[in-house]
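Asker: Attaching a predicted model along with its sequence, questions to come.
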Amino acid sequence: AAPFEPVNGSTAEIVVASSNALGAGDLATLDRLERRIDRLDEVSAVRPEGVAANGQAAIALVVTPISPSSDEAEPLVDRIRDEISSADFTAGVVAELTGELAVQVDTASANADANRLTALLVNLVVLVMLFLVFRSVLAPFVTLLPAVLVLVVAGGVIGVASDAGLFDVSPVTQALFTVL
């Protein structure tokens, strides 16, 4: 028997739902959507998983060899979501992408936004504290300049060394490095 999920890669689900039973037109639209997504290069297969007993929801499984943590994951999720948003479902029918791939891409995006905000707030608090201590506008910037230069240079060195395979870098490294 074939495996339900890829050994290397991930899956996502297309969920189509309505407060009323899905009509034949909506199911046909879902079928066309499945075929369009199946034609994407990064997609191994799209399988209909069925319709709910009350007829108000349907699910399709998208299988891809792409790992949720790879650089290709976010563009693939965006392409699938573009296909879903261009599908011509009737009014009141909602179609969304969920599952392992979509959730991990969305989580990574939210974490990146949070890391940027954390870095901004930490730097702002440090600047305010240094301004209060030195009672000068220029002194806090002169004090932080070496730390910023070290962050930029060390970040580049760590990135090159990691890309060369010298060691693995945790996703948390950048956030901690910025705070330190």
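Answerer: Received it, and whenever you're ready, just let me know what you need.

Asker: Stretch 35-51: which residues count as buried?
Answerer: Residues of stretch 35-51 classed as buried: Arg36, Ile37, Glu42, Val43, Val46, Val51 (neighbour count, 16 or more other C-beta atoms under 10 Å). (Glycine included, C-beta is placed from N, CA and C.)

Asker: from the residues you listed, which ones fall inside strands?
Answerer: Using DSSP state E, the subset of the buried residues of stretch 35-51 located in strands is Val46, Val51.

Asker: Of all pairs in the buried residues of stretch 35-51, which one is the farthest apart?
Answerer: Based on C-beta to C-beta, the longest span within the buried residues of stretch 35-51 runs between Glu42 and Val51 and measures 26.5 Å.

Asker: tell me which element the residue nearest the centre of the chain falls in.
Answerer: Averaging the C-alpha coordinates of the chain gives a centre point, and the residue nearest to it by C-alpha atoms, centre = their mean is Val105 (1.8 Å). Here Val105 sits within helix 100-134, counting by DSSP states H and E.

Asker: Let me see the contact set for Phe134.
Answerer: The contact partners of Phe134, by C-beta atoms under 8 Å, 6 or more residues apart in numbering, come to Pro140, Thr143.

Asker: tell me the helices in the chain, going along the chain?
Answerer: For the chain, helices defined by DSSP state H occupy the ranges 24-38, 73-86, 100-134, 138-163, 173-179.
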